[in-house]
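In: got a predicted model here, sequence first, then my questions.
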Amino acid sequence: MALWDTIKEIRIKAGKTQKQFGDMLGGITKTHISTIERPYEQTRTTASDSLLKKIAKTFTETKEDQTTLEKKLIMERAELLLQRMKIPFEFNECFIKIRPVIDLNENIFNEYAGMFDLVFDNIRKPLNIGGIIRLACAT
């Protein structure tokens, strides 16, 4: 399921209007909620990692459910952003492995890592030059 569909599904399951949903998340406007509930291709906007964490915290009952939802939302966002950058990738739990399109030498990898620093709020340094990046997912 796409990130925008997941966010909308959470709101609808909670029985909230877009305004109520935004208010519960700390005064996010109805317009912004409407924007992040529509496909990225239409809006060119997606929810930030910090907003996704607020959604997970606000709309779950247990810490375990919060952790599970937070991880799901962050991974959906990561997938969306990687597709947008046209970078081949695969997921493994909280890890993203960038598939080398060309010989992934250190300079090229550092260039990719710089792009991730710009698009992810919760990024940790690459674990190795082989193209593995660890997201700061809840564990």
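Out: Received it, and whenever you're ready, just let me know what you need.
In: ok, and the closest non-adjacent residue to K13?
Out: F59 (8.0 Å; CB to CB, 6 or more residues apart in numbering). Quick note: C-beta positions are derived from backbone N, CA and C, even for glycine.
In: contact partners for the one you found?
Out: 10, 13-14, 24, 69 (CB atoms under 8 Å, 6 or more residues apart in numbering).
In: can you map out the helices along this structure?
Out: 3-13, 18-24, 30-36, 40-43, 49-58, 63-84, 106-119 (DSSP state H).
In: output the lowest mean pLDDT helix or strand found in this protein.
Out: strand 132-134 (a mean of 47; mean pLDDT, DSSP states H and E).
In: tell me where the model's unsure across this structure.
Out: By pLDDT under 70, the low-scoring segments of the chain are 85-139.
In: how about R11, what does it touch?
Out: R11 neighbours (CB under 8 Å, 6+ apart): 18, 21, 33, 37.
In: with Q83 as the reference, measure out to it.
Out: 24 Å (CB to CB, to the nearest Å).
In: and for K16?
Out: For K16, the distance to Q83 - CB to CB - is 29 Å.
In: so between these two, which is more surrounded?
Out: K16 (17 against 12; other CB atoms under 10 Å).
In: check contacts around the residue lying closest to the more buried one once chain neighbours are set aside.
Out: The shortest distance from K16 to any non-neighbouring residue, by CB to CB, 6+ apart, is to M24 (6.8 Å). The contact partners of M24, taken as CB under 8 Å, 6+ apart, are 16, 58-59.
In: any chance of those in a markdown table, plus distance to E76?
Out: As requested, the contacts of M24 are arranged in a markdown table below (distance: CB to CB, whole Å):
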| residue | distance to E76 |
| --- | --- |
| K16 | 20 |
| T58 | 17 |
| F59 | 15 |
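In: pick the one among these closest to D5.
Out: F59 (15.1 Å; CB to CB).
In: look up how far I33 lies from that closest one.
Out: 13 Å.
In: and G22, by the same measure?
Out: Counting by CB to CB, the gap from G22 to I33 is 5 Å.
In: the more surrounded of these two?
Out: Shown here are G22 and I33; by other CB under 10 Å, I33 has more neighbours (23 against 20).
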